[in-house]
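**Student:** Quick one: sequence plus predicted model below, questions after.
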Amino acid sequence: MWDWFVLFLQIMLINIVLSGDNAVVIALASRNLPTAQRKQAIWWGAFGAIGLRVVLTIIAVFILDIPYIQTIGSLLLLWIAIKLLIDDEDHSNVKEASTLGKAIWTIIVADFVMSLDNVLAIAAKAQGEIGVIILGIGLSVPIIIWGSNLVVNLLKKFPILIYIGAGILGYTSGEMFIADEKVSHMLLDGISHFVVPVLTTVIVIGSGLVKKFVLSPKHS
């Protein structure tokens, strides 16, 4: 029961940290609508985004069972984790929707386009626990969408949350690499499997710290 709860919390944190960009898009897409329509756009956009993300994640769970897909996913997830810490996204090109329908469509499409990282990370971390996937996504997406401004401000105020989330992603990428038995047996024969997740975590956190304190010292 405790392991299940910890897994649930990790999925929630991964989803919230990786959805900071989604929150910005949602806030921008609906900002020009009247208050009542803005709430409707966020509600229906959230409903569509939750359903879409659950379906995509469950599909990803089964796809990850294919040999060598785990290794490809591992490398992709490692890149996503590093990118999370070194990128400064600019959302100025996001269009503000003028109608309710356009706002809902913008929110759902944006979530689909930006959900690869969430889907891959959650599918890898959940390891087939479909119930945890549905519950974790179902509870975290409404938090992200309805509290979009709060989420953005929270991540800005407590950047440690982003580092923790990125660290979990880094560790998960190492676990994914090990889970691909063909590749891990070929490359890691005789090496303790515990080393790989720790190494990928260090690579991710180290990349973020180098970007913050070495490459961009003026922002530290």
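**Tutor:** Received, thanks. Nothing here was measured: the structure is a model prediction, and the numbers come from that model.

**Student:** tell me what the helix or strand harbouring residue 77 is packed against?
**Tutor:** With elements taken from DSSP states H and E, the one containing residue 77 is helix 69-86. Using 3 or more C-beta pairs under 8 Å, 6 or more residues apart in numbering; DSSP states H and E as the contact test, the elements touching helix 69-86 are helix 2-18, helix 116-126, helix 160-179, helix 195-210. From N, CA and C alone the C-beta is placed, and that goes for glycine too.

**Student:** List the buried residues of the helix ranked longest in the chain.
**Tutor:** Ranked by residue count, the top helix of the chain under DSSP state H comes out as helix 35-63. For helix 35-63, the buried set under the neighbour-count rule, 16 or more other C-beta atoms under 10 Å, comprises 37-38, 40-42, 44-50, 52-54, 56-58, 60-61.

**Student:** ditto for stretch 7-16
**Tutor:** Going by neighbour count (16+ other C-beta under 10 Å), the buried part of stretch 7-16 is 7-8, 10-16.

**Student:** what about residue 67, distance to residue 176?
**Tutor:** Taken as C-beta to C-beta, to the nearest Å, the spacing of residue 67 relative to residue 176 amounts to 13 Å.

**Student:** again with residue 167
**Tutor:** Note on residue 167: its distance to residue 176, by C-beta to C-beta, is 15 Å.

**Student:** do the same with residue 38
**Tutor:** From residue 38 over to residue 176 the distance is 39 Å, taken as C-beta to C-beta.
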